[in-house]
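Novice: Attaching a predicted model along with its sequence, questions to come.
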Amino acid sequence: MPDDSFELRVEEMVHGGNALGRDGRRVIFVPYVIPGERIRARVIDDRKGFAFAEATDVLKTVPERVTPRCAHFGPGECGGCHFQHIEYEAQLRFKRDVVIDQLTRIGGFYKPPVRPTIASPDPWQYRSSATFHVDEDGNLCYVRTDGQSLIAIEECYIIRPELLELFYELDLDIPELDRVRLQTGSNGDPMVILSTKDDEAPELEVTLPVSINFLLSDNEPVNLIGSSHLDYVVRGRTFRVTAGGFFQVNVPQAEKLVELVLDRLNLKGRETVLDLYSGVGLFTAFIAERASLVVSVESYPPAVTDADENLADLDNVDLVEGGVEDVLPDLEGPFDAVVLDPPRAGIDARALDELVRLAPRTIVYVSCEPSTLARDAKRLVQKGYELVEVQPVDMFPQTYHIECVAHFRRAR
């Protein structure tokens, strides 16, 4: 059988966890390698003008290569981590490079102002929640690198130690069980959130000191045992988060996000601020302490209920329940500043037009997806804003995911 592999020099890291090399004029994307390495590669998916390949051998390594901690890490295995083979300081550099690349290629920025990535206090054991899929044998699984098949998990080094302990103690025998989320609050209280294929809540016998909730297919939570929510403490404030709601999984870095947002807003106490995709009120709570009024917009009803509880001591907050694209056309303003923390898809084009109509002096955009941040940054600049700077924050060590805080101001 002929050897169809070829030598390739790895040039740079690209968004999505792959590295890039060039075979003549063809661009080759390869996972689990590091810029500066020389490898033998074999094409596994040939496209027009580019290809995806696997490394069959690493001919020359770089000092940044380290031994992965997890036995599930690697080609064809667990798809949860992408960078365990890379020394942590190098991960931070590569993430900044990816943000610069996305802003340059998609956003059209020349030398975009991207600061060095802020490291996570702990690059391991940081996740306060993890969602497992359940296979036909009842095993708790992550999704493999192919994005479709499942791999039964025996260890995980990026979840909190108390979650790993709960993982080992769980004994679930539930027909039609589809997904299991393990979650813990700031005080260490554990929660199990179950979903089933038939949307029927299971009957349970529980011997562990754990809260159990059920999540319907429309993301509506049902409390089964114990508490319906967890508490998270950020900068001395407690935030209630109902089962099924969103909260940053790396809580120490959530505190860093708040600090960055407040710094970019630079509030003097007289401002009216709009907080979009506001969730349980994380940013709103701290903005309200420094502003005259905060209008907070969130579409997920349980999150709005949580926010109402979390912000009860603040009398200068106006909570609005609804989708950002539906609420913005009805807002008159004026708003001095806007904070937005959209999902990966970024902000809808119509909603962005309405945001620009309100003409805030400052926009602080918290993004979990560099490609849509770059797209939306381009639109904002075209509509009269300038990009002041982008601060990457490593919320998800050992993975390619990147959080950014981008600061825009209305051009003079």
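Specialist: Okay, I see it. Bear in mind the structure is a predicted one, so any value in this text is a computation, not a measurement.

Novice: Which secondary structure state does residue 364 sit in?
Specialist: strand (DSSP: H, G, I helix; E, B strand; the rest coil).

Novice: Ok, residue 280 next?
Specialist: coil.

Novice: Please report the distance of residue 385 from residue 403.
Specialist: 21 Å (CB to CB, to the nearest Å). The C-beta positions use only the backbone N, C-alpha and C, and glycine is treated the same way.

Novice: how many neighbours does residue 175 have?
Specialist: 10 (other CB atoms under 10 Å).

Novice: which regions of this structure sit below the pLDDT cut-off?
Specialist: Along the chain, the parts satisfying pLDDT under 70 run over 1-3.

Novice: Give me the spatial nearest neighbour of the most centrally placed residue in the chain, chain neighbours excluded.
Specialist: By CA atoms, centre = their mean, the chain has its centre lying nearest to residue 368, at 4.8 Å. Closest residue in space to residue 368, ignoring its immediate chain neighbours: residue 403 at 5.5 Å, by CB to CB, 6 or more residues apart in numbering.

Novice: So the one you found sits against residue 365, correct?
Specialist: No. Applying CB atoms under 8 Å as the test, residue 403 and residue 365 come out as separate, 11.3 Å apart.

Novice: Next, the contact list for residue 190, please.
Specialist: 162, 163, 166, 182, 183, 184, 208, 209, 210, 211 (CB atoms under 8 Å, 6 or more residues apart in numbering).

Novice: Tell me what it is bridged to.
Specialist: Assessed by DSSP bridges, residue 190 has beta-bridge partners residue 184.

Novice: looking just at contacts, which helices and strands does the longest strand anywhere in the chain meet?
Specialist: Using DSSP state E to define each element, the chain has its longest strand at strand 50-60. Other helices and strands packing on strand 50-60, by 3 or more CB pairs under 8 Å, 6 or more residues apart in numbering; DSSP states H and E, are strand 26-31, strand 38-46.

Novice: which of those sits most buried?
Specialist: strand 26-31 (a mean of 18; mean count of other CB atoms under 10 Å).

Novice: So what touches that strand?
Specialist: So strand 26-31 is contacted by 8, 10, 14, 17-22, 39, 41, 43, 49-55, 75, 82, 145 (CB under 8 Å, 6+ apart).

Novice: Give the ChimeraX command for selecting the buried subset of the contacts of residue 190.
Specialist: Buried subset of the contacts of residue 190, written as a ChimeraX selection, criterion 16 or more other CB atoms under 10 Å:
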select :163,166,182,183,184,210,211
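
Novice: could you dump the contacts of residue 190 to JSON lines with distance to residue 136 and secondary structure?
Specialist: Below are the contacts of residue 190 laid out as JSON lines (distance: CB to CB, whole Å; DSSP: H, G, I helix; E, B strand; the rest coil):
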{"residue": "162", "distance to residue 136": "29", "secondary structure": "helix"}
{"residue": "163", "distance to residue 136": "24", "secondary structure": "helix"}
{"residue": "166", "distance to residue 136": "23", "secondary structure": "helix"}
{"residue": "182", "distance to residue 136": "21", "secondary structure": "strand"}
{"residue": "183", "distance to residue 136": "25", "secondary structure": "strand"}
{"residue": "184", "distance to residue 136": "28", "secondary structure": "strand"}
{"residue": "208", "distance to residue 136": "25", "secondary structure": "coil"}
{"residue": "209", "distance to residue 136": "30", "secondary structure": "coil"}
{"residue": "210", "distance to residue 136": "25", "secondary structure": "coil"}
{"residue": "211", "distance to residue 136": "28", "secondary structure": "strand"}
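
Novice: got a list of what residue 327 touches?
Specialist: 297, 320.

Novice: quick check, distance from the host helix or strand of it to the centre of its chain.
Specialist: Assigned by DSSP states H and E, residue 327 falls within helix 324-327. Helix 324-327 sits 22 Å away from the centroid of its parent chain (CA atoms, centre = their mean, to the nearest Å).

Novice: Just the C-alphas of it, formatted as CSV.
Specialist: Included here for helix 324-327 are C-alpha records, laid out as CSV according to Å, rounded to 0.1, in the frame of the first residue of the first chain:
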residue,chain,number,x,y,z
VAL,A,324,-33.0,41.8,22.1
GLU,A,325,-34.1,42.0,18.5
ASP,A,326,-37.7,42.5,19.7
VAL,A,327,-37.1,44.9,22.5
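
Novice: List the buried residues for it?
Specialist: Buried-residue list, helix 324-327, by 16+ other CB under 10 Å: 324, 325, 327.

Novice: Output the longest helix seen in the chain as PDB, restricted to C-alpha atoms.
Specialist: When the chain is parsed with DSSP state H, its longest helix is helix 88-105. Extracted as PDB, the C-alpha positions of helix 88-105 are listed here (Å, rounded to 0.1, in the frame of the first residue of the first chain):
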ATOM      1  CA  TYR A  88      -0.300  26.800  29.100                       C
ATOM      2  CA  GLU A  89       1.600  30.100  28.400                       C
ATOM      3  CA  ALA A  90       1.700  29.100  24.800                       C
ATOM      4  CA  GLN A  91      -2.000  28.400  24.700                       C
ATOM      5  CA  LEU A  92      -2.600  32.000  25.800                       C
ATOM      6  CA  ARG A  93      -0.300  33.400  23.100                       C
ATOM      7  CA  PHE A  94      -2.000  31.300  20.400                       C
ATOM      8  CA  LYS A  95      -5.500  32.400  21.500                       C
ATOM      9  CA  ARG A  96      -4.400  36.100  21.100                       C
ATOM     10  CA  ASP A  97      -3.100  35.200  17.700                       C
ATOM     11  CA  VAL A  98      -6.400  33.700  16.700                       C
ATOM     12  CA  VAL A  99      -8.300  36.800  17.800                       C
ATOM     13  CA  ILE A 100      -6.000  39.000  15.800                       C
ATOM     14  CA  ASP A 101      -6.400  36.700  12.800                       C
ATOM     15  CA  GLN A 102     -10.200  36.800  13.000                       C
ATOM     16  CA  LEU A 103     -10.400  40.500  13.300                       C
ATOM     17  CA  THR A 104      -8.000  40.900  10.400                       C
ATOM     18  CA  ARG A 105      -9.500  38.400   8.000                       C
END
